[in-house]
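Visitor: generate a structure from the sequence data that follows.
(2 chains)
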Amino acid sequence: MPRTVSAYWLKLWRGNPPGIFLALLSLVVGCAMFIPVLYVFVRGLQGGTASWMRLMDTRIPILLQRSLGLALVVTVLGVVIGVAAAWLVVRTDLPGKRAWQWLLALPMVIPPYIGAITYIIIFGPRGWLHNLPGAHLFSIYSFGGVALVLTTFTYPYVYLICSASLKRMSRSYEEAAQAAGFSRGAVALRVVLPMLRPAIGAGALLIALYVLSDFGAISILRYNTFTTAIYYQMGSFDHKAASILSVILVLISLTLIWLETKTRQGQKFYVTKGGLARGAEIPLGICKWPSFIFIFMLFAVSVLLPLGVLGYWSYTGIVRGALDQRFFGFALNSLSTAGIASILSMTFALPVVYLKLRHPSIVSYSLDKMAYAGYALPGVVVALGLVFVFSNYLPFLYGSMAMLIISYVVRFLPQNMQAVEASLNLVSPRIEEAGRSLGLPPWQTLFKITLPVVAPGILAGGAFVFVSALKELPATLLLRPPGLDTLAVRVWIEAGEGFYHAAAPAALIIILISILPLKWMLSKY
Amino acid sequence: MDAKQILSEVKTISAIELNLVVKTYLGSSEPAVKGISLSVDSGSIVTLLGPSGCGKTTTLRLIAGFERADSGEIKLAGKVVSDMSTWVPPERRGIGMVFQDYALFPHLNVRDNIGFGCKSHQRAERIREILALVDLTGLENRYPHELSGGQQQRVALGRALAPHPVVVLLDEPFSNLDADLRAQMRLEVKQIITAAGATAVLVTHDQRDALSISDQIVVMRDGRVEQIGSPRDVYQHPESRFVAMFVGDSNIIPGIIGPDTKSIETTLGLVPCNHTHDLPPGQPVYLSIRPESIELTSEGSVEGVVESLSYTGQSVDVKIRVDQGVNPALILLAHLHPEEKVQRGDKLHFRIMPDFVAVIREH
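Guide: Predicted coordinates for the structure are as follows:
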C-alpha cells in the first residue's frame, strides 16, 4: 500500500473523508469556539508563581468556600424540592396535576437575575415587607438570600429530568415490590428513589454548574463568588488575577462536567422500558391538601410573586413614561444583536454536527467537543478570553458590536448544535446515500436533502440561541461598545440603582419572549 | 476458477465486473470481503445470498461506491470505477439503489422522489412512464408517510429506475414487509425490473427471495463466493455442505463413487446421481440428498421407521430412522406429498430419485 498523503487522509477519516470545504469550515468554527477559553487558561498559568501565591493566600480560600458552599446548598435544596414536586405531580392524585406538570416548569423562563430583583423588591431594606415585625431578621443580601433565590429558579432542572424519568419508568417494579409486601412509603424510598438516581444526578449537576457560572443574580444580591470576583478584577483591568481565578473556576466546572458524563454513562443501565406506563395513581390521603399547598407555594414563590411584582412595577413604570425613545433603542439593540447571533449560529451549527455524525473521526469528535467550551464554562471566563483575543489580534474589532455578537455565538452555538444533532440523528444516512446514487455530489446532497429535513431542528436551535442571547448579562456588560445597552443590561443597571419602575418593563419583555421556545425546551427532557 | 469464468465472458461486456475485490473495515482484523470476483450480464437479475456477516451487503456497497475497496478492480458497463488508481464517487457511477428502509426523501412527494435523479428536459415524461411502470399513477402528490409499505417499496424502485441506471442495486428489499406482501412484491419487483430492461443486483439472506426472483444466485460465506449458478442449479446441485444446508434442507451422507460414475455407494445402498463432478470411481465423497428426492414406494430398497413428523399443509416433513447396523442410526429428512398418511413408528419403504442428489465438496 502506498504511504501517500491521501492514504493517511483516508485512514484519518476511516475511509470516509468529508469534502474539503466542510472540513475547513468545521475546523474554523471549532477552533474559534475554543481559542478564547484556551487563551484564558494559558494566561492564567503564565500568571507567575508570585501572583498565584498571593491569591492563594488571600482571595481564593474565601471564594472557594463561598462558591462551593453556595453550589452545595442550592443543589441539595433544588434536589429535595425538584424530586418531591416531580413525584407528587406525576405519581399521585394531587389535585390539578396535569396543569402543575407544565406550570412548575415555568421558572425556567425567568432569568435568576430578574428573579433576584423581584425578591429585593419584596424583602429588600426598603421592600414591601420591611415594616413587618421580624423582617430585619432576614436579609436578602446574604448567603441565605442568594441560596433562596437561586434555588427558586433552578429547581426545574431536577424537576423536569425527574418527572420525565418517572413517566418512562414501568410500574411493574413498584407492583412487584408491593406484591412482595412493602408499604407504599417503603416502595417510594426503596424502589422509586434508587431508580431515579441517574436523573437526580444529572439534574443536580446542572444546578451546581449553573450556580458556579451565575453572575447576574449573585452580583445583584451583592454576594461575592468566583464569577463576580473575575468581573470586578476585569473592571479594574487586573487581567492577571482575573485569569488565575478563571483557571480555578474552569477546573471546578470541568470536574463537574466530567462527573455528569460519568452519571450519564451509568444512566443507560437504568433505562426502563416496557410494562404498564400508566398505572393507578397513589392516593395521598390526609396528605393531599398539605401537598397541594406545598406545590402551590412553590409555584407562588417561583412564578406568581416575581411576575406579580414585575407586573406592578411595569404598570408604574409605563404610567411614568418608561417606554420612551431610549427604551425602544435598547429593545432594538437587544433584538438586533440576539437576532444576528441566532442567524450566525444557525449557519455554523450544521457543518460541525454533520461532520461529527456523518464523518466520524478523531478530528470531527474533537472539533465537536471544542465547540462546547464556551457553553460549558461561565460567561465571565468566555468574555475574558474574548478580551484577550480581540485586544491582541483583532484590535480593529475591539469594543464593537461584532465582538459582542461573536461572544453570543461562542457562548450559545452548542444549544443550536444540540437541536441540530437531535434532528440529524433521526435522519437515516441512507437518505443521503440515495441522493448520491441519484447523481448529486456531496455538497448538493447536503443542501437539497439534509438541510430541508433538519430545518425544524436548526430553527428550534436558533430560537434557543436568540432567547439566551437576549438574557445574557456578564459578557454583554464586559464587551458591549460604549453606549450600546441591551434590555438585560438596562435591567441590571436600573435595578442596581433602585429604579424598579425602569427595570420592570424590560424584564417583563425578556420573560415574555423567553416563553416562546419553552415548548421545544420541554420536549427536550 | 472464478477468474477463469470471468476471462471466458470477457467478449460480451458485462454490466458489472468485480475482480479479486478485498475490503477490510477499519478496526477489524479480518476482511469483510476476501477477494471476490464475479460478473453480471446486462439485463439479468443476480442475487447475493448468504447469512448475516457474509459480506454480501459490503459487496453491494462497494459496487455502489459507498465503501472503498482495499484492492481489486470494479467495472461498471466496461468502465473501471474503482481500482488502485481510479475512484469514481457514487454520484458518477450511474447506479440506482433501493435501500432496506427505502430511504425515501420525507420532504418530497411521490412525483419529486421519482423525478429526483432525472434530467430536467424529459423529467415530466419520465415520471409518467415510471408511475405507470410501478403502478402508482394517481398517488403522485402523496408524501412517503402517507403510503403503505408496498407502495413505498415501489416508489423506491421507481426512483432508482427513473434515471436509466447501468444497474439497480437492492439491499434486502423485502425484509421490511410481512409474509403475504413479501411474496407479492417478489413477483412485482421482478416484473418491473424485467419490464424496464434493467440489470439488477439484489442482496438477501432469504433463500425464497433468491430462488424466486433471480437469474443467477451468488451464494456467499465469510467474505467469499461459495457457489454461482441459476436457482435450479444451486438448489439441485449444491457444491458444498454450506450451500446444501443454507439453501433449503438436505441430508448429507458419506459415500464412494461407484464403478459407473453415475451412482454412489452408501450405507443406503447404491444411490443414483447425475452430478458427480466426473470424479473417478472409488473416490470417497459426500452426498447431498434433498428431502424431495425421497419417494415412498413398496418396491423401495431402503427401509426405515418414522421417528417424528410435522404436517405443514404443503407437505409432510418426516424424519426417518434408517437402521443399517451403523451407530448412531442414520436419520433422513423427507418431504412427502401431503396426501401420504403416515404415523410415528410406521415402517416405510422408499427409494432415492437422482434429480435432487449431488456430490458436494466437503471441507
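Visitor: the closest residue to A:Ile117 other than its chain neighbours and A:His501, how far apart?
Guide: Leaving aside its chain neighbours, A:Ile117 sits nearest to A:Ala495 (4.4 Å; criterion: CB to CB, 6 or more residues apart in numbering or on different chains). Glycine gets a C-beta too; all of them are placed from N, C-alpha and C. Applying CB to CB, to the nearest Å, the value for A:Ala495 to A:His501 is 11 Å.
Visitor: who has more neighbours, those two?
Guide: A side-by-side neighbour count of A:Ala495 and A:His501, using other CB atoms under 10 Å in any protein chain shown, places A:Ala495 first with 25 against 19.
Visitor: contact partners of the strand or helix carrying the more buried one?
Guide: Using DSSP states H and E, A:Ala495 maps to helix A:487-497. Identification of contacts with helix A:487-497 by CB atoms under 8 Å, 6 or more residues apart in numbering or on different chains yields A:111, A:113-114, A:117, A:120, A:216, A:219-220, A:327, A:330-331, A:333-334, A:470-473, A:476-477, A:480, A:485, A:500, A:502-503, A:506-507, A:509-510.
Visitor: chain center to that helix, what's the gap?
Guide: The gap between where helix A:487-497 is centred and where its chain is centred comes out at 21 Å by CA atoms, centre = their mean, to the nearest Å.
Visitor: repeat for stretch A:417-432
Guide: 23 Å.
Visitor: and the residue of chain A nearest chain B?
Guide: Closest contact between chain A and chain B, by CB to the nearest CB, is at A:Leu438 (3.1 Å).
Visitor: that residue touches B:Lys119, doesn't it?
Guide: No. Taking CB atoms under 8 Å as the definition, A:Leu438 is not a contact partner of B:Lys119, at 11.4 Å.
Visitor: please say which of those two ends up with more neighbours.
Guide: A:Leu438 (25 against 11).
Visitor: wait, what's in contact with that one?
Guide: A:Leu438 makes contact with B:Glu91, B:Gly96, B:Phe116, B:Gly117, B:Arg159, B:Ala160, B:Pro163, according to CB under 8 Å, 6+ apart.
Visitor: for it, give its distance to B:Val134.
Guide: 16 Å.
Visitor: what's the answer for A:Arg430, then?
Guide: From A:Arg430 to B:Val134 the distance is 19 Å (CB to CB).
Visitor: neighbour count for those two, which is higher?
Guide: Neighbours per residue (other CB under 10 Å) separate A:Arg430 from B:Val134, with B:Val134 holding more: 26 against 18.
Visitor: helix, strand or coil: sort out B:Cys118 for me.
Guide: Under DSSP: H, G, I helix; E, B strand; the rest coil, B:Cys118 falls in the coil class.
Visitor: that one reaches B:Ile127, doesn't it?
Guide: Yes. Counting by CB under 8 Å, B:Ile127 is a contact partner of B:Cys118 at 7.0 Å.
Visitor: find residues that contact each of those two.
Guide: What both B:Cys118 and B:Ile127 touch, as defined by CB under 8 Å, 6+ apart, is the set B:Ala162.
Visitor: can you pull the pLDDT of residue 263?
Guide: I'll assume chain A. A:Thr263 carries a pLDDT value of 66.
Visitor: actually chain B
Guide: For B:Ser263, pLDDT reads 85.
Visitor: any idea how far it is from chain A?
Guide: 51 Å (CB to the nearest CB, to the nearest Å).
Visitor: residues contacting the residue nearest the centre of chain A?
Guide: Residue closest to the average C-alpha location in chain A (CA atoms, centre = their mean): A:Tyr210, at 6.8 Å. Applying CB under 8 Å, 6+ apart, we find A:Tyr210 in contact with A:Leu150, A:Thr154, A:Tyr157.
Visitor: that one should be in a helix, yeah?
Guide: Yes. Judged by three-state DSSP, A:Tyr210 forms part of a helix.
Visitor: what about the helices in chain B?
Guide: B:2-8, B:56-64, B:110-115, B:123-133, B:149-161, B:179-196, B:207-213, B:231-236, B:241-246 (DSSP state H).
Visitor: in the fifth one, what counts as buried?
Guide: It refers to helix B:149-161. Using 16 or more other CB atoms under 10 Å in any protein chain shown as the test for burial, helix B:149-161 gives B:Gly150, B:Gln151, B:Gln152, B:Gln153, B:Arg154, B:Val155, B:Ala156, B:Leu157, B:Gly158, B:Arg159, B:Ala160, B:Leu161.
Visitor: isn't the fourth one up against B:Ser175?
Guide: So the one you mean is B:Gln153. No. Look at B:Gln153 against B:Ser175 with CB under 8 Å: they stay out of range, at 10.7 Å.
Visitor: give me the common contacts of the two.
Guide: Shared contacts of B:Gln153 and B:Ser175 (CB under 8 Å, 6+ apart): none.
Visitor: low-confidence ranges, the chain, go.
Guide: Just so you know, I chose chain A. For chain A, applying pLDDT under 70 flags the ranges A:1-3, A:134-137, A:263-280, A:519-525.
Visitor: actually it's chain B I care about, not the one you picked
Guide: Using pLDDT under 70, chain B drops low at B:1-12, B:325-327, B:362-363.
Visitor: what residues does it have near chain A?
Guide: Residues of chain B found near chain A (CB under 8 Å from any CB of the partner chain) are B:26-27, B:64-68, B:70, B:89-93, B:95-97, B:99-101, B:103-107, B:116-117, B:159-160, B:163, B:169.
Visitor: which residues touch the helix or strand A:Thr228 falls within?
Guide: A:Thr228 is part of helix A:226-235 when elements are defined by DSSP H and E. Residues outside helix A:226-235 that contact it (CB under 8 Å, 6+ apart) are A:59, A:63, A:67, A:212-215, A:218-219, A:239, A:241-242, A:245-246, A:248-249, A:252, A:378-381, A:383-384, A:387, A:474, A:477-478.
Visitor: recalculate using a threshold of 6 Å.
Guide: With contacts defined as CB atoms under 6 Å, 6 or more residues apart in numbering or on different chains, helix A:226-235 is touched by A:Leu63, A:Ser67, A:Phe215, A:Ile218, A:Ser219, A:Ala241, A:Ala242, A:Leu245, A:Ser246, A:Leu249, A:Pro378, A:Val380.
Visitor: also stretch B:212-219?
Guide: Residues contacting stretch B:212-219 (CB under 6 Å, 6+ apart): B:38, B:44-49, B:186, B:190, B:210, B:225-228, B:231, B:234, B:243.
Visitor: give the buried residues for the helix holding A:Ala495.
Guide: Here helix A:487-497 shows A:Leu487, A:Ala488, A:Val489, A:Arg490, A:Val491, A:Trp492, A:Glu494, A:Ala495 as buried, counting by 16+ other CB under 10 Å.
Visitor: gap between the helix holding A:Thr228 and the chain center?
Guide: 20 Å.
Visitor: beyond that helix, next helix or strand please.
Guide: helix A:239-270.
Visitor: could you check the angle helix A:226-235 makes with that following helix?
Guide: Interaxial angle, helix A:239-270 versus helix A:226-235 (axes from the mean of the first three to the mean of the last three CA atoms, to 10 degrees): 150 degrees.
Visitor: report the distance from helix A:239-270 to the chain centre.
Guide: Distance of helix A:239-270 from its chain centroid, counting by CA atoms, centre = their mean, is 14 Å.
Visitor: could you point out which element follows that helix?
Guide: Downstream of helix A:239-270, the first helix or strand assigned by DSSP H and E is helix A:288-299.
Visitor: helices or strands up against the following helix or strand past that following helix?
Guide: Toward the C-terminal end, the helix or strand that comes next after helix A:288-299 (DSSP H and E) is helix A:305-319. Judged by 3 or more CB pairs under 6 Å, 6 or more residues apart in numbering or on different chains; DSSP states H and E, the packing partners of helix A:305-319 are helix A:112-123, helix A:500-515.
Visitor: could I get those as JSON lines with distance to A:Ser391?
Guide: Converted to JSON lines, the helices and strands packed on helix A:305-319 look like this (distance: least, CB to CB, whole Å):
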{"stretch": "helix A:112-123", "distance to A:Ser391": "27"}
{"stretch": "helix A:500-515", "distance to A:Ser391": "30"}
